[in-house]
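Undergrad: what's the 3D shape of this:
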Amino acid sequence: MEAGVCVAPPRWDMEWDQTGEGDFMPALDEMPVASATWTQAKAYCEWIGKRLPTEAEWEKAARGTDGRKYPWGMAEPTCAHANFKPWDVEGMKPGAACSYRQDYRTLTPVGMFCAHGASVYGACEMAGGVAEWAGDGYELGTGYEGLPDENPFREPNGVSAARRSAGWGAWSLSPVGYSLRVSQRQGGGLDDPAETLSTGFRCARSD
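TA: Numbering: from 1, shown residues only. All right, here's what the predicted structure looks like:
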């Protein structure tokens, strides 16, 4: 932003205080970038000589080569694995809040879940926290239809792009479909200023 490459995302450097009246308050410096649009994320990655990862690259980094359900493996998520809202599966209702909610209202510091939630490649917070932009375009209902079996990539359509994972507000196993599984994907407008505090990104590079 200081270099004039892009403007500040909506509600930059703010966090929603969901324990109060829904007001926004200053966020801590160690929080992940959130609320950035796809265009802003793409501009930043290119500015530092990198790019947004493709969906295939993102999923490989999260899933590994052993078909794991979550970045950390097959074990169902606990408060030690990721920043999310637990779900009481037996009672089919929201479960008890994780203890870190006492200190952090929404976002949590980068690296907080590395010990138990890292992928096989050591990538942290690939589930929960913030959903992450990919370089692919997104078309509702198409999935990977018509794309190669190996390294599929859907060219951006100028309207919407793919997001992977789910943010801090996601339920782990809710009946409405939100999930921390590495297969979780959704779309979002390229320049939608209304992106929530649960959308961020990470950069990739070609060796």
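
Undergrad: Share the number of residues neighbouring R185, please.
TA: The burial count assigned to R185 is 20, neighbours taken as other CB atoms under 10 Å. All C-beta atoms are positioned from the backbone trio N, CA, C, and that covers glycine.

Undergrad: For it, what are phi and psi?
TA: The phi and psi values for R185, taken as degrees, to the nearest 10, are phi -150, psi 150.

Undergrad: State whether it and A166 are indeed in contact, as I suppose.
TA: No - counting by CB atoms under 8 Å, A166 is not a contact partner of R185; they are 9.5 Å apart.

Undergrad: any weak-confidence spans in this protein?
TA: By pLDDT under 70, the low-scoring segments of the chain are 10-11, 13-27, 87-95, 171-178, 194-195.

Undergrad: now with 90?
TA: In the predicted model, the chain carries pLDDT under 90 at residues 1-2, 4-36, 75-79, 84-107, 140-146, 150-151, 157-158, 166-180, 192-199, 206-207.

Undergrad: the strands in it, which residues?
TA: Remark: strands of the chain, listed N- to C-terminal, are 14-16, 24-26, 87-88, 93-94, 131-137, 160-164, 185-189, 199-200; assignment by DSSP state E.

Undergrad: partners of the last one in the sheet?
TA: Strands that pair with strand 199-200, judged by DSSP bridges, come out as strand 131-137 (parallel).

Undergrad: List the buried residues in the strand it pairs with.
TA: By 16 or more other CB atoms under 10 Å, the buried positions in strand 131-137 come out as 131-137.

Undergrad: for stretch 182-190, same thing?
TA: Going by neighbour count (16+ other CB under 10 Å), the buried part of stretch 182-190 is 182, 184-186, 188, 190.

Undergrad: JSON lines for those, including distance to V110?
TA: Formatted as JSON lines, the entries for those read as follows, by distance: CB to CB, whole Å:
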{"residue": "V182", "distance to V110": "19"}
{"residue": "Q184", "distance to V110": "20"}
{"residue": "R185", "distance to V110": "22"}
{"residue": "Q186", "distance to V110": "22"}
{"residue": "G188", "distance to V110": "21"}
{"residue": "L190", "distance to V110": "25"}
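
Undergrad: which one of those is nearest F84?
TA: Distances from F84 to the buried residues of stretch 182-190, taken as CB to CB, are shortest for Q184 (11.4 Å).

Undergrad: gap between the residue sitting nearest the centre point of the chain and Q102?
TA: Here the mean C-alpha position of the chain is nearest to the C-alpha of A131 (CA atoms, centre = their mean), at a distance of 1.8 Å. In this structure, A131 lies at 24 Å from Q102, with CB to CB, to the nearest Å as the measure.
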